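1. this is the structure alone, sequence omitted:
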DNA sequence: TATTGTTATACTCTATAACTATA
DNA sequence: TATAGTTATAGAGTATAACAATA
């Protein structure tokens, strides 16, 4: 029965997920940022500004929240709002030099594999990668 | 290099994790509960009461928060506070009949494997289970 | 003295609704 | 009229600090 096996796999993954669920807030705290603030920084590419609207979509929350989150990032001099040439309604958000540097450190910190993964033997890691790649590509979302 | 492989695996897992990160709040919302409220219900075994202190440890947040979370669950008649026979300082939290029923529905809902996992072939699932089991047992936490 | 749990306070995230300014 | 973003408001989570009751 593939159903049972899938449940079992999901249970294990869920366990792993729950053990790592404190990781994001933890990393954010190291930089004295909230989780959403951290997330916004990660979503922004250095150099290119993005309209508020895009951040709203990526964060999946109401637009009014993003105003506040960006306000606080701006107060910390990590991002700045600029005008958009084509449409005067939209405001572009861009990383400051300081924001670029902070973002790089955050991304590096997040990319460190946690202990349960780092401790696996090489052949397990190879198999895990190929399975996960299949899982992520074969499904619609 | 096992380091590189581990990073790659973590990157894929992180991707899967981020795609599922809306799942918990979503399920919670179906029951008109917040995420921590949902989490508390899942942590409680039907029948046996647990001291507030244990919930604090499991949630990993400050004790003062748990007071509020349990307050709101109690207002919804999902849990109730009772006295502890041995130590009059501690308050036990116990699921009400209604809480037991709600918790069962939440757990069932959470256990449904998400699409990327459900869609994997049987041999991938078997391999995934054994690798994850190794990952979760060999590491300290 | 130490521990359990609560209250008070302050900050952030969250959605809803009403608003401004553009298009 | 519709869209981008803001403000106002209210509810929930978070930590810190101070406190009562009990051990």
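-> On my side now, so go ahead. Bear in mind the structure is a predicted one, so any value in this text is a computation, not a measurement.
2. pLDDT score assigned to the residue nearest the centre of chain A?
-> The residue lying closest to the centre of chain A (Cα atoms, centre = their mean) is residue A:39, at 4.7 Å. On pLDDT, residue A:39 comes in at 95.
3. helix, strand, or coil at it?
-> helix (DSSP: H, G, I helix; E, B strand; the rest coil).
4. where does the residue nearest to residue A:50 when sequence neighbours are not counted fall, secondary structure wise?
-> Spatial nearest neighbour of residue A:50, chain neighbours left out: residue A:93 (5.7 Å); criterion: Cβ to Cβ, 6 or more residues apart in numbering or on different chains. (C-beta placed from N, C-alpha, C; glycine too.) If you go by DSSP states H and E, residue A:93 is part of strand A:91-95.
5. is the helix or strand following that strand anywhere near DNA strand C?
-> Later in the chain than strand A:91-95, the nearest helix or strand by DSSP H and E is helix A:97-111. No - using Cβ under 7 Å from any atom of the strand, helix A:97-111 stays clear of DNA strand C, coming no nearer than 14.2 Å.
6. can helix A:97-111 be found next to chain B?
-> Yes - Helix A:97-111 comes into contact with chain B (Cβ under 8 Å from any Cβ of the partner chain), by way of A:110-111.
7. pull out the buried positions in that helix.
-> Of the residues in helix A:97-111, A:99-100, A:102-103, A:106, A:110 count as buried by neighbour count, 16 or more other Cβ atoms under 10 Å in any protein chain shown.
8. pLDDT on that helix, on average?
-> Helix A:97-111 carries an average pLDDT of 96.
9. by contact count, what packs against it?
-> Judged by 3 or more Cβ pairs under 8 Å, 6 or more residues apart in numbering or on different chains; DSSP states H and E, the packing partners of helix A:97-111 are helix A:23-30, helix A:35-43, helix B:2-20.
10. read off the pLDDT value for residue A:72.
-> pLDDT at residue A:72 comes out at 98.
11. redo the helices and strands packed on helix A:97-111 as TSV? Include distance to residue A:10.
-> Converted to TSV, these look like this (distance: least, Cβ to Cβ, whole Å):
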stretch	distance to residue A:10
helix A:23-30	20
helix A:35-43	24
helix B:2-20	10
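12. closest to residue B:73 out of those helices?
-> Shortest distance between residue B:73 and the helices and strands packed on helix A:97-111, using Cβ to Cβ, is found for helix A:23-30: 22.3 Å.
13. what are the buried residues along that closest one?
-> Result for helix A:23-30 [16+ other Cβ under 10 Å]: buried residues A:24, A:27-28.
14. make CSV from those and add distance to residue B:53 and pLDDT to it.
-> Putting the buried residues of helix A:23-30 into CSV (distance: Cβ to Cβ, whole Å; pLDDT from 0 to 100) gives the following:
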residue, distance to residue B:53, pLDDT
A:24, 26, 86
A:27, 27, 92
A:28, 27, 95
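15. report how many residues lie close to the residue nearest to residue A:50.
-> The number of residues packed near residue A:93 is 22, by other Cβ atoms under 10 Å in any protein chain shown.
16. check the one 3 residues further on too.
-> Under the neighbour criterion other Cβ under 10 Å, residue A:96 is assigned a count of 15.
17. thinking it is in contact with residue A:80, fair?
-> Yes - assessed by Cβ atoms under 8 Å, residue A:96 is found in contact with residue A:80 at 5.6 Å.
18. get me the contact residues on chain A for DNA strand C.
-> Residues of chain A lying near DNA strand C (Cβ under 7 Å from any atom of the strand): A:34-37, A:59-62, A:64-65, A:68-69, A:72, A:87-89.
19. those also near chain B: which ones?
-> Okay, of these touching chain B (Cβ under 8 Å from any Cβ), that's residue A:60.
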